[in-house]
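Visitor: the following comprises the amino acid sequence and a computationally predicted model.
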Amino acid sequence: MGDVCQKRFFTPVELNMLNFTFHNPTKVLFGKNTIHQLAGEIPPGARVMVAFGAESARKYGVLDEVLRALAGFDVTEFGGIEANPEYDKLCSGIALAREKKIDFLLAVGGGSVIDGTKFMAAAIPFAGEPYQLMENKGAAIRQALPLGAVLTLPASGSEMNNRAIISRRAVNWKRAAMNDWFFPRFAVLDPTKTCTLPPMQTANGVVDTFVHVLEQYLTYPVQGKVQDRLAEGLLLLLIEEGPKALVEPENYDVRANLMWASTLGLNGLIGAGVPQDWAAHRAGYELTVLYGLDHARTLAVLVPAMLQVRAGGKKEKLLQYGERVWGISSGAEDVRITAAIEKTKAFFGSMGLPTSLSGCGIEKVDADRFIELLEEHGLTAMGERGEVTPAMMREILALCA
């Protein structure tokens, strides 16, 4: 890895912070015992569909607490939304909501449940086939039912952003859409509801959040100094608090900081006015489609390899990242870059996530099929500079083995 600095070097260009519009309408209710406040955020007389995932929402009492808070409302329950929310399952929720004349949706769960609920909110009033809403990154969405969220698994930031990611196994796609109709009206964030998370889900959430921040930070410099410092602060917080959550799962302060970090990591704030990458996320979708890997695990495998191959184009920010986040300030540039990448990989490992495909139980990845999926989905020029081509992805996959 000693020559990473020389690979695909891009001549630095003096750039200014990019123009941006920042608007986030989601109201956050943060802290202990905040679920009881949600009734005041829903229009009186609303017919509410409460959407949730596995039975853990009921097992640990969160669903019952939500239903008590909704006493007096006409409530319909819709459970079983999967991790990587599946289109066919969501279509059954859409049909139920139409039958019950639902006019407000409440998601209780993590990013998958919230994403699925966003999709249903847009699809319920839509006259066409629901899958059409996910084409062209959600450009067809013109209306949606209002929704709120009760977050139980911090990771995706979906509780305070306008994104949704939906899977459809029948046609081998996992798609992301962005539309302002997806912003929840409110989000309830009670850190005590995360204390019963299994260690694997806690670890996945920390790594997913870490990579969300990297995708918006580790690109090329445009004098976005505020955004850089905010991003670096979040990364340092995750490095400090993430491992603590695995050994002190009921530590409220740890859980509170991780929960708020995950929300800030993808609510639009740190990405405003700076270039963004997202190649690891896009490529990770295809690994999930092919092998059913947890989203965060695809990132833990792909990110170190991508940074190694793409180090030339990210040189300035990698050096900054190494110094400000990992304290790497001496030595030759290529040595410092290599050390920063290795530190990142080691952090993922410290959270208990495999950093190779073999560690995920995949001895031989089907690179040809992987590339076919990228091409079918139009993902042939990914990254902040569009340099992540299918040929480069083959090189990256080889390093992931």
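Guide: Here it is on my side, so go on.

Visitor: CA only for contacts and neighbour counts going forward, please
Guide: Noted.

Visitor: which residue ranges make up the domains of this structure?
Guide: What automatic domain parsing lists as the domains of the chain is 4-20+204-400, 33-189.

Visitor: now render those as CSV, adding distance to residue 197, mean pLDDT and mean neighbour count.
Guide: Formatted as CSV, the domains of the chain follow (distance: least, CA to CA, whole Å; pLDDT from 0 to 100; neighbours: other CA atoms under 10 Å):
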stretch, distance to residue 197, mean pLDDT, mean neighbour count
domain 4-20+204-400, 8, 95, 19
domain 33-189, 8, 96, 20
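
Visitor: can I get those domains in a markdown table including distance to residue 196?
Guide: Listed next are those as a markdown table, based on distance: least, CA to CA, whole Å:
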| stretch | distance to residue 196 |
| --- | --- |
| domain 4-20+204-400 | 7 |
| domain 33-189 | 8 |
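
Visitor: between the ones you listed, which one is closest to residue 195.
Guide: Within the domains of the chain, the stretch nearest residue 195 is domain 4-20+204-400; the backing value is 5.1 Å (CA to CA).

Visitor: now that closest one, how far from the centre of its chain.
Guide: The chain centre lies 12 Å from the centre of domain 4-20+204-400; the measure is CA atoms, centre = their mean, to the nearest Å.

Visitor: likewise for stretch 130-138?
Guide: 19 Å.

Visitor: gap between the two ends of that stretch?
Guide: End-to-end distance for stretch 130-138, by CA to CA, to the nearest Å: 11 Å.

Visitor: contact partners of it?
Guide: Identification of contacts with stretch 130-138 by CA atoms under 8 Å, 6 or more residues apart in numbering yields 87, 91, 122-123, 139-141, 166, 175-179.

Visitor: same check, this time on stretch 64-71
Guide: Against stretch 64-71 from outside (CA under 8 Å, 6+ apart): 35-39, 58.

Visitor: try it again at 10 Å.
Guide: Contact with stretch 64-71 is made by 33, 35-40, 42, 48, 50, 57-58, 61-63, 73, 75-77, 106, 108, 150, as judged by CA atoms under 10 Å, 6 or more residues apart in numbering.

Visitor: where strands are concerned, which of the residues you listed count?
Guide: 48, 50, 75-77, 106, 108, 150 (DSSP state E).

Visitor: now flag whichever of these is closest to residue 20.
Guide: Ranked by distance to residue 20 (CA to CA), the ones in strands among the contacts of stretch 64-71 are led by residue 150 at 29.1 Å.

Visitor: can you give me the strands for this protein?
Guide: 27-30, 47-52, 74-78, 104-110, 147-153, 163-168, 173-178, 186-189.

Visitor: adjacent strands (with direction) for the first one?
Guide: What it means is strand 27-30. The strands that strand 27-30 pairs with in its sheet are strand 186-189 (parallel) (by DSSP bridges).

Visitor: please save the CA atoms from the strand it pairs with in PDB.
Guide: Output of strand 186-189 as PDB, limited to C-alpha atoms (Å, rounded to 0.1, in the frame of the first residue of the first chain):
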ATOM      1  CA  PHE A 186     -41.400  14.800  13.600                       C
ATOM      2  CA  ALA A 187     -39.000  12.300  15.100                       C
ATOM      3  CA  VAL A 188     -38.900  10.900  18.600                       C
ATOM      4  CA  LEU A 189     -35.400  10.000  19.800                       C
END
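
Visitor: can we start the residue count at 652 from this point?
Guide: Sure, I'll start counting at 652 from here, so that last one is strand 837-840.

Visitor: what does it rub up against?
Guide: Strand 837-840 is contacted from outside by 676-689, 692-693, 757-759, 797-805, 809-811, 907, 910-911, 914, using CA under 10 Å, 6+ apart.

Visitor: one more time with 7 Å, if that's ok
Guide: Residues outside strand 837-840 that contact it (CA atoms under 7 Å, 6 or more residues apart in numbering) are 677-682, 685-686, 799-802, 810.

Visitor: so how far is that strand from its chain's centroid?
Guide: Centre to centre, stretch against its chain (CA atoms, centre = their mean), the figure for strand 837-840 is 17 Å.

Visitor: may I ask you to name the longest helix in this structure?
Guide: Longest helix in the chain, counting residues (DSSP state H): helix 876-898.

Visitor: and that helix, what other elements does it pack with?
Guide: Packing partners of helix 876-898 (3 or more CA pairs under 7 Å, 6 or more residues apart in numbering; DSSP states H and E): helix 850-868, helix 903-915.

Visitor: the stretch 702-851 of the chain: helices as residue ranges?
Guide: Listed in chain order, the helices of the stretch 702-851 of the chain (DSSP state H, counting those that start in this stretch) span 707-710, 713-720, 738-750, 762-774, 850-868.

Visitor: returning to what we had before: which one of the contacts of strand 837-840 is nearest to residue 856?
Guide: After measuring these against residue 856 - CA to CA - the closest member comes out as residue 802, at 12.3 Å.
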